[in-house]
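Chemist: Coordinates for the following, if possible.
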Amino acid sequence: MIIRSKTPLRLGLAGGGSDVSPYSDLYGGLVLNATINLYCFCTIEETQDDKITIEAYDADTHESHAVSGHLEIDDKAPLIKGVYNRIVKDFNMEPRAFKITTYNDAPAGSGLGTSSGMVVCILKAFVEWLSLPLGDYEIARLAYEIERIDLGFRGGKQDQYAAAFGGFNFMEFLKDDMVIVNPLKVKRWIIDELEASMVLYFTGKSRSSDAIISEQMKNTKEKNEDAIEAMHKIKQSANDMKMALLKGDIDALADILRDAWENKKKQSAHITNSMIDKAMKVAFEHGAKAGKVSGAGGGGFIMFIVEPTKKKEVVEALGELEGFTMPFSFTDGGAHGWKIYPTDNVQSLSYKK
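Modeler: Numbering: from 1, shown residues only. Below you'll find the model as predicted:
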């Protein structure tokens, strides 16, 4: 039997950072995000060779282990190993031979939630394989615990829920890791106008979010008033942008995005750099109205709001830099998986959201 799963990556439109503890525990967080047609992929194949084989193209890891109920966590494909260990522990999975293959459409450190999206993707494959009774909330929460607690990777909570639910979502982050996901029913013409008004530009440089998130957490713990006030404004921008989005007011959305970027830069000296500043300058000179890095900052993807009639000019100008623009569209669906049962001449499929 072969099991496959797929999860979308996301654009953090507003409120990013307010989902990171301890800020979200003390003040509550609000985030507006939307998934796009870039994905993480996972395949699990049952085998008979008494090995657990890992082919993690996203982590540049290709290795095999003897069948065991625990895989030692190291810097090689820790996401796969972390998920496997938790599944064995929580659901009494009997160790067995299998091959797992993972890859994604965007590089790690892109600011699109690739790591968390991959954890959700791997989990979804195991859920499908073992018929585990986990819904979207349970998968997202378990993915958060594996990544942030078991593996100790710093970050927020929005990415796991975006990957699990998909679509446009307004998320609330409360104390004790409580999360409420409010799916937004955005009219089709508004989505079309937003797509026509956006340019997604990869800076050509991935980045580690660890230093930026560590500084953000430190600001909250040490009660840095300027940084905390800036985060309050970032959180409010999520609520403001939700209203602008539902009304289809792209000009107001651009104003909110521009202000949010200025407040985001107050969280850490590492959020922007000469490369990002240059891309911003070039885009604004050719018709961009607003821009913000998606994710923690420091590199990865920048999203720009542009006048649609100026979009081609902005794309061509950015094309002269070291990075590249990425065509995209917004998507509705979240994590899903399916099974393939090979027979002599036919393959039957079992599909599950």
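Chemist: Can you name the secondary structure element that comes next after the longest helix belonging to the chain?
Modeler: Longest among the helix segments of the chain by residue count, using DSSP state H, is helix 225-247. For helix 225-247, the succeeding helix or strand toward the C-terminus, using DSSP states H and E, is helix 250-264.
Chemist: Could you list the buried residues of that following helix?
Modeler: For helix 250-264, burial by neighbour count (16 or more other C-beta atoms under 10 Å) applies to 250, 253-261, 263-264. Using the backbone N, CA and C atoms, a C-beta is placed for each residue, glycine as well.
Chemist: The longest helix of the chain - contacts with which helices or strands?
Modeler: Packing partners of helix 225-247 (3 or more C-beta pairs under 8 Å, 6 or more residues apart in numbering; DSSP states H and E): strand 2-14, helix 23-27, strand 29-46, strand 168-173, helix 188-196, helix 210-221, helix 250-264.
Chemist: picking that back up, looking at the buried residues of helix 250-264, which is nearest residue 241?
Modeler: Set against residue 241, the nearest of those by C-beta to C-beta is residue 256 (4.8 Å).
Chemist: out of the helices and strands packed on helix 225-247, which comes closest to residue 141?
Modeler: Minimum separation from residue 141 across the helices and strands packed on helix 225-247 (C-beta to C-beta) falls at strand 168-173, 12.1 Å.
Chemist: So what's the residue count around residue 65?
Modeler: Neighbourhood size, residue 65 [other C-beta atoms under 10 Å]: 14.
Chemist: Centre-most residue in the protein?
Modeler: Geometric centre of the chain, nearest residue: residue 113, 2.0 Å, by C-alpha atoms, centre = their mean.
Chemist: got a pLDDT number for it?
Modeler: pLDDT, the model's per-residue confidence, is 94 for residue 113.
Chemist: Equivalent analysis for the one 10 residues further on, please.
Modeler: In this model, residue 123 is scored at 98, pLDDT.
Chemist: Tell me the secondary structure at it.
Modeler: Here residue 123 takes the helix state, with states given by DSSP: H, G, I helix; E, B strand; the rest coil.
Chemist: And it, how far from residue 71?
Modeler: 15 Å (C-beta to C-beta, to the nearest Å).
Chemist: on that earlier part again, tell me, how many neighbours does the closest residue to the residue nearest to the centre of the chain other than its chain neighbours end up with?
Modeler: Distances taken as C-beta to C-beta, 6 or more residues apart in numbering place residue 159 nearest to residue 113, at 3.5 Å, with adjacent residues excluded. Residue 159 has 30 neighbours, counted by other C-beta under 10 Å.
Chemist: now swap in the one 3 residues further on and tell me
Modeler: Other residues near residue 162 come to 32 when the count uses other C-beta under 10 Å.
Chemist: And it, how far from residue 259?
Modeler: Here residue 162 is placed at a distance of 23 Å from residue 259 (C-beta to C-beta).
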